[in-house]
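>>> Mind looking at a prediction? Sequence and model below.
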Amino acid sequence: MNTRYIKKLVSLVVVAALAVACGDDLTDTNVNPNEALHPQPDYLLTNAIKASVDTYWGVDNNMNSTLLFVQHLAKIQYTDPDRYRYTNTSFESTWKGFYSVGLADLAEITTLAEESGNDNYKGVALILRSWLFASLTDLYGAVPYRYAIQITDQLAPAYDGQDVVYGGILDDLKTAVELLDPEGDAIAGDILYNGNIANWIKFGNALRLRYALRIADQAEDKAREVITDLQGEPIISSNDELARLVYASSPNQNPIALNFETRNDYRVSRTMVETLRTLSDPRLPVFASPTEATTPEVYIGVPNGLTNDAASDLGLTKTSKPGSYFLRSDAPGVVLSYSEVLFNLAEAVEREFMTGDAEALYEQAITASLQQFGVTNTTVIDDYLDQPAVQYNAANYRESIGTQKWIALFGQGPEAFSEWRRLDYPQLTPAVNGVLAGKIPVRFIYPGSEQSLNGKSYRDAVNVQGTDALTTRLWFDKQ
Amino acid sequence: MEKFVRRICIVFFLLVTTYAWAQDRTVEGTVVGSDGTPLPGANVIVKGTTRGVQTDADGKFVLQVAASDVLLFSYIGYKSIEVPVGSQSTITATLEDDEGKLEEIVVTALGISKEKKSLGYTVQEVKSNQLSEARENNLVNALSGKVAGVRVTNSQGNLGSSRIVIRGETSIAGNNQPLFVVDGLPVDNSQLTKSDASRDFPNAISDINTEDIESISVLKGPNAAALYGSRAANGVIIINTKKGRAGKRGLGIAVTSGVTFERLLVLPDYQNVYGQGAGGEFSYVDGKGGGVNDGVDESWGPKMDGRLIPQFYSNGEAVPFLPHPDNVKDFFVTGHTINNGVAISGAKEGFDYRFSYNNSRQKGVVPNTDQTKNSFSVNASYTLHPKVTLSTSANFIRTESDNLPGTFGKRSTSTMLQFTWFGRQVDINRLKDYKDADGNTFNWNNSYYSNPYWVAYENTVGQRRDRFFGNVNLNYKIVEGLTANFRTGNDLYNDRRKIRIAYGTNGTPFGSYQEIGYAVNENNTQFTLNYKKDITPDFNVDVLGGANYQYRFQEENNQFAPRLAVKGVYTLNNSRDPLQSTNFYSRQKIYSLFASGQVGFRNYAFLNLTARNDWSSTLPSNNNSYFYPSVNASVVLSEALGFASNTVSFVKVRAGWSKVGKDADPYQLINTYPFSVPFGSSPRLTVSDKYLNADLKPETTTSTEAGVEASFLDDRINVDASYYFTRSKDQILNVDVSPSTGYTSKLINAGEIENRGVELQLTGVPVITPAGFRWEVSVNWAKNVSKVVELDKEGFLQSYRLGSDGVEVRAGVGEPYGVLFGSGFLRNAQGQIVVSADGTPAIDPSNKVLGRFTPNWIGGINNAVSYKGVSLSFLVDVRMGGQIYSGTRSTGLQTGVLAETLNGRDAEHGGLPYYFAGDDTGTTPVALADHNASAPNGEIVYHDGILFNGVTADGSPNTTIAPAPLYYKTLAVNGEYNTFDATFVKLREVKLGYTIPSSLTQRVGLQSATVSLVGRNLWIIHKDAPHIDPETALSTSNAQGLEDLQLPTTRSYGFNITLNF
């Protein structure tokens, strides 16, 4: 044989041997040993709940924005946000957290539930998904909804208007509640209700009530239809059934507690402190801490929207931090409270979406809130309810419900912000040195990254909704 | 000794026998190198004859000559010289290092030595003495200004990392630093870092002891490096360590010793008129808001005119409020490095060896920082059989630090963060005894910071890296011309870090403790067959084929105790909370086959071809094989066309084309689910943020290069010029996507980037005298222009974020690589700056391009003068153009500590008088005619008004006065205002050396002795950026051009002694 052939043959054999020998070996080498190859629905569910409540209750979405807008808190240092000075990255973490963590995990749970036929996982995922999408639209307005969380097909998801989003959510919640069956397959990893499907049904229905009312000013028929449909359905009916994540110790502490571990930027707003003081509200010592330095007033709020210098002049030790109820590392992150349900029912009655005693429901709502915050003495409660300033005024239910709901939602900024915008009460005075020409923000601006990453959809949405500004009124927030 | 005697006998014998040839007389002498070292084994031949001798172990010779004879002295690696005998009876022949082109041998890919003239690409060498005399703790820094086209950036301080890039960035998102190869096999140069530690950990190659380096070859661009595979797309730095030199028989002992001192090179210019506080008021009670503005960490407070104010050290007593101009400077100390090393080398028949030990102890300029390096190295070569040589090299290095200096903007650990918010009245000396008897600390501000000495002494980050690298090399000369070589080498290290935050640190009341461990191992095993033959008298071939197996393993183990249970005990068990732990393992394998061939024609024309195929584990099985070739050619025109003369002694042209494929990082194909910290007893899994790509294909870089090398005037002037063009495509990019897709990023395979550039090297000898005076000038200059051509096929992506800090660093389509993008002034159509309603310059709502971090050109000029044993050299390093964003300037404007914030602060500094109607500070200031005027209703009159020279939205001149603090705080957040030209001209290195004459040294039994005075980074001759050294970076990542409270850079000066026994 010619040597040329031998050489060729040898090299061919070497190459072939290498290629064959390496093939599987190479593929095996590249199996990621650090992460799970296959997801588990219970572990995903734990993460979806934890991560979403963290975002909901956390700094950017709550303390540094919505809680300032509704004047639950005020800033004593770095006051720019309190003066409504934000950049287009200020609201990025809410967008990122809800979409790429919460909703992404829930989508995976849904896929797994469909494969395994566990409708309870599917229903729970659908309820949480509805809550997250509603939270997004409550804050930003139009958001990617129908085309979201589909990376393989939709790299630049179009935005949907609020009417579409709330409509979809209300339908999904109905579906979700129907899917849930306390006798069905068990779910695990549920750190909200510990696998109690009956409570999930109640939570689902409570959300339906919430979002029906959210759109009631714009889509009254739809609201009425949903609430009519809810009659006789189980709904959250005690403070034991709150939808809330009870935090634990480090590293799972409450986001507000976590912030106060290393920072000292927030105080209770003077608006809240003075409102509570005027009403002799027994929740004042719960919501606010006594000032560190002894002061005659004991509880001193900070006006919203001061300049850094002016805020600093008030003194860190002479103003009230939030109460220990909120600063404890195991403080709950509340998603939906019993008192909110009762306020909603009162309003539904007042709007004649259902029958009942609006005033009684209103008083029960306040009672539930007082009890939620540890005020259980019935005399104290009755004395409080008897005050003229607290008594229900059917002629202006928006003011009565708006004011008391605003108090009851203390600490739960996103919901307080939505309800303040919808009910237009209490009437708040804008930040002292605000930069919005005497206005209070009525939405979040979109994260700046959307302009570059999803530009066309963003521009289309802004064209319909109006300028991407803090002061652009959203659809549900009818003038 | 016996050998020595025998050698003397031989010399004597020669002497006698040559005498027998009846030459008329004897001449004796010494052959030395330019540094005065005797050259044993050098050839001394009578020109035109075969008569001659080799020098002995001391470089001495004795030869019979006639007066008319001319002696030809030659030695490998040195230029031959001719000396007419004339009437001389003793001759000292000084041979210069051969940096000429003709016979220069350079080490190329796979450690193969080639004649430089046969190469169709650029290689530039740096010799050991250029590295070891003016030692750099980080080897990478030593290359700055010495090699054309090599851009080195020392991140910060003198104990940190350095980044090196050759010919610009060719990868948009990947590592752009060259591959480091020691003795033929790759070694790691990662900067393993975690931001938690707030330390700029040194890059791994800084472990290498410069004393052990014989030479460094820089192979620029992929042309030179096709044979090294993927990682060579950014060029290769080939390091050859010192060996026991064959031919240099007997025992050689070299001892080196040196001390270097380090001081800060630059600090910000501070103002010394106003102290801590706000609105001109300050009074300390508890440092966190209890007093008047005493939680404020800015210097907009009272004038430091000696007025009486309670301060942090005065227990409530009002004491004089005075400036402390050096309160930052005085915190820093003089650092020093003490370096001692010994090397023993020897050789005998068939066996040579070198052993070295080096110890370097460094104290940093930040108190309580240090680094100790102990390195052992053994090189040995043994001829097992006339045809078989076994050689091995083993290095063990321990790099240890009790505490590295704190960097970055983290309150519990940073150094410069606190100082840029430091009250100008703070007396640093009163902070020195940083804790009381109970172990509690105190500070000038307790809202945000802990005492800087507490931070330095208590919140430490220690590091220990134990590293072994080495290889075994078996060489078998099968038949004449055919050689087989087997080589296997490992680079293995364990790197452990211990991060302590003490109990009582502000913001971390319980302290914390973290341990991070890395284990890195890379093995390369290689087999090659090499065949060389002169086929005809005109043609010779040199072909090589081989296979390589590369396996890389990396492991990371991270444990964190977020809150300590007990004060002062740093173990992971001492935790209040469950430990937070993470692991990361990665493995990667590449199989390769490669071949290269060279055809030479009459020793003046050469054609080189290379080819390589890789099979990488990180790519999908259908795409994991990729092939890449290269071709280059060179012709020595002066020989080919026969025009070599004294005027034009050498001309070579070269050209080449090459392609390099590159794989991905491990685990980039299939999405998996990361774990999070369990919530109570519930484990957590989540969908990854990054959407991976199962269809990845290899990245490819193609490069075309052409160049010319020429020597003129008897090699007095040497020129080497190159032009190159590089295009990298199918880049693997993790691009951001809208989170509404369910992911925040997606891996794509599309980006494309181009680089083109010119490099020039010029060496000239303006003066050389027979008496031995020599002045040599070498210049190198390089310009690289990059352009990001595309990011994704659809054109959906317009920019890719490389990093951000104040401003974004990005790769934008159509832009050069590394553009700084951020906020800037709002300008109208006429280019005038528009002013907001409050009288401050408005910020343009759209971000804009503010510059780019890559320079227009870089260059270095080295002048070396030598006379007899004295040599003096100085290197000037220039980086022209490019921009840097300064976070120090931004923060310093905010805090009012910088000198320029005095402008307009009071009447004396040009401030304008104004008042607020009704004293309502929310209204627009009303100007007053002069500083003595009073306001209409007795309002407070202020004197810190600034009238900015801009226009209002309607184009009319601005008339609104802005108070100085507001004005400067507005400028602080303006990216454009804080971005500067990064140009610098530095006196990089000065060396003054003296080689003690051998006549003296030999009396004390020394072969040679050299002492040198050295200085590095002595002087920034020119820069535009205020307050900082523009040559700085946050880390070695691609996010360059950002300065944010990095440690200042240092200058160093010291001396070295080298003794050879």
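Arrived safely, thanks for sending.

>>> can you give me phi and psi for the closest residue to chain B within chain A?
Per C-beta to the nearest C-beta, residue A:316 is where chain A lies closest to chain B, at 3.1 Å. All C-beta spots, glycine's among them, are computed from the backbone N, C-alpha and C. Main-chain dihedrals, residue A:316, degrees, to the nearest 10: phi -60, psi -30.

>>> Contact partners for it?
A:76-77, A:264, A:292, B:288-290, B:295, B:447 (C-beta atoms under 8 Å, 6 or more residues apart in numbering or on different chains).

>>> what about the closest residue to residue A:162 other than its chain neighbours, distance to residue A:29?
With C-beta to C-beta, 6 or more residues apart in numbering or on different chains as the criterion, residue A:162 has its nearest non-adjacent residue at 4.0 Å, and that residue is residue A:475. Applying C-beta to C-beta, to the nearest Å, the value for residue A:475 to residue A:29 is 54 Å.

>>> do residue A:234 as well
Going from residue A:234 to residue A:29 by C-beta to C-beta gives 54 Å.

>>> and the gap between the most far-flung residue of chain B relative to its centre and residue B:944?
Most distant residue from the mean C-alpha position of chain B: residue B:937, 63.3 Å away (C-alpha atoms, centre = their mean). Per C-beta to C-beta, residue B:937 is found 20 Å from residue B:944.

>>> And the residue nearest to residue A:162, which helix or strand is it part of?
In the assignment (DSSP states H and E), residue A:475 maps to no helix and no strand.

>>> Give me the pLDDT for the residue of chain A closest to chain B.
At residue A:316, the model reports a pLDDT of 86.

>>> swap in residue B:769?
Reported pLDDT for residue B:769: 89.

>>> and if you look at residue B:201?
pLDDT at residue B:201 comes out at 85.

>>> Next: the one 3 residues further on.
Here the pLDDT value assigned to residue B:204 is 86.

>>> Look up how far chain A lies from it.
Applying C-beta to the nearest C-beta, to the nearest Å, the value for residue B:204 to chain A is 22 Å.

>>> Surely that residue touches residue B:182?
No: look at residue B:204 against residue B:182 with C-beta atoms under 8 Å: they stay out of range, at 11.6 Å.

>>> returning to what we had before: with secondary structure and neighbour count as added columns, please give the contacts of residue A:316 in CSV.
Formatted as CSV, the contacts of residue A:316 follow (DSSP: H, G, I helix; E, B strand; the rest coil; neighbours: other C-beta atoms under 10 Å in any protein chain shown):
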residue, secondary structure, neighbour count
A:76, coil, 25
A:77, coil, 19
A:264, coil, 18
A:292, coil, 17
B:288, coil, 19
B:289, coil, 28
B:290, coil, 18
B:295, coil, 24
B:447, coil, 21
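
>>> what's the lowest-pLDDT member of those residues?
Minimum confidence in the contacts of residue A:316 sits at residue B:289, scoring 79.

>>> and residue B:182, how many residues sit next to it?
24 (other C-beta atoms under 10 Å in any protein chain shown).

>>> Setting aside sequence neighbours, what's the nearest residue to it?
Closest to residue B:182 by C-beta to C-beta, 6+ apart is residue B:239, at 4.7 Å.

>>> quick one: secondary structure of the one you found?
Put simply, residue B:239 is strand when judged by DSSP: H, G, I helix; E, B strand; the rest coil.

>>> dump the residue contacts of it.
Applying C-beta under 8 Å, 6+ apart, we find residue B:239 in contact with B:180-183, B:208, B:213, B:215-216.

>>> swap the cut-off to 7 Å and go again
Residue B:239 makes contacts with B:180-182, B:208, B:213, B:216, as judged by C-beta atoms under 7 Å, 6 or more residues apart in numbering or on different chains.

>>> Now flag whichever of those residues is closest to residue B:515.
Of all those, residue B:208 has the smallest distance to residue B:515: 26.0 Å, by C-beta to C-beta.

>>> Now do that closest one against chain A, distance only.
Counting by C-beta to the nearest C-beta - residue B:208 and chain A are separated by 29 Å.

>>> same check, this time on residue B:516
On the measure of C-beta to the nearest C-beta, residue B:516 and chain A end up 16 Å apart.

>>> just checking, next helix/strand downstream of the helix or strand where that residue lies?
According to DSSP H and E, residue B:516 maps onto strand B:512-534. Of the helices and strands lying after strand B:512-534 in sequence (DSSP H and E), the nearest is strand B:539-561.

>>> same for the helix or strand following that following strand, what does it pack against?
Using DSSP H and E, the helix or strand that follows strand B:539-561 in sequence is strand B:580-601. Here strand B:580-601 touches helix A:3-29, strand B:539-561, strand B:605-616, going by 3 or more C-beta pairs under 7 Å, 6 or more residues apart in numbering or on different chains; DSSP states H and E.

>>> my read: residue A:155 touches residue B:737, true?
Yes: between residue A:155 and residue B:737 there is a contact under C-beta atoms under 7 Å: 6.1 Å.

>>> These two: which has the busier surroundings?
A count of neighbours by other C-beta under 10 Å puts residue B:737 above the other of residue A:155 and residue B:737, at 25 against 18.

>>> wait, is the residue farthest from the centre of chain B part of a helix?
No: counting by three-state DSSP, residue B:937 is not part of a helix but coil.

>>> Who are the contact partners of it?
Taking C-beta under 7 Å, 6+ apart, one finds nothing in contact with residue B:937.

>>> If I look at it, what pLDDT would I see?
pLDDT at residue B:937 comes out at 92.

>>> same check, this time on the one 4 residues further on
pLDDT recorded at residue B:941 is 95.

>>> who does it bridge with?
residue B:915 (DSSP bridges).

>>> Just the buried positions in the strand holding residue B:516, please.
Within strand B:512-534, the residues scored as buried using 16 or more other C-beta atoms under 10 Å in any protein chain shown are B:512-518, B:520-526, B:528-530.

>>> check contacts around residue B:416.
So residue B:416 contacts B:1045-1047 (C-beta under 7 Å, 6+ apart).

>>> closest to residue B:52 among the residues you listed?
For the contacts of residue B:416, the nearest to residue B:52 is residue B:1047 (58.3 Å; C-beta to C-beta).

>>> what about the closest one, which SS state?
Per three-state DSSP, residue B:1047 ends up coil.

>>> I'd say it and residue B:414 touch.
No: with contacts counted by C-beta under 7 Å, residue B:1047 stays clear of residue B:414, the gap being 9.4 Å.

>>> Now for the two: what residues contact both?
In contact with both residue B:1047 and residue B:414: residue B:407, using C-beta under 7 Å, 6+ apart.

>>> What ranges does the stretch 601-750 of chain B have for its helices?
Using DSSP state H, counting those that start in this stretch, the helices of the stretch 601-750 of chain B run over residues B:637-640.

>>> Quick check: residues of it near chain A?
Counting by C-beta under 7 Å from any C-beta of the partner chain, the stretch 601-750 of chain B comes close to chain A at B:615, B:617-618, B:621, B:624-625, B:666-667, B:669, B:672-677, B:679-680, B:682-687, B:689, B:691, B:736-744, B:746.
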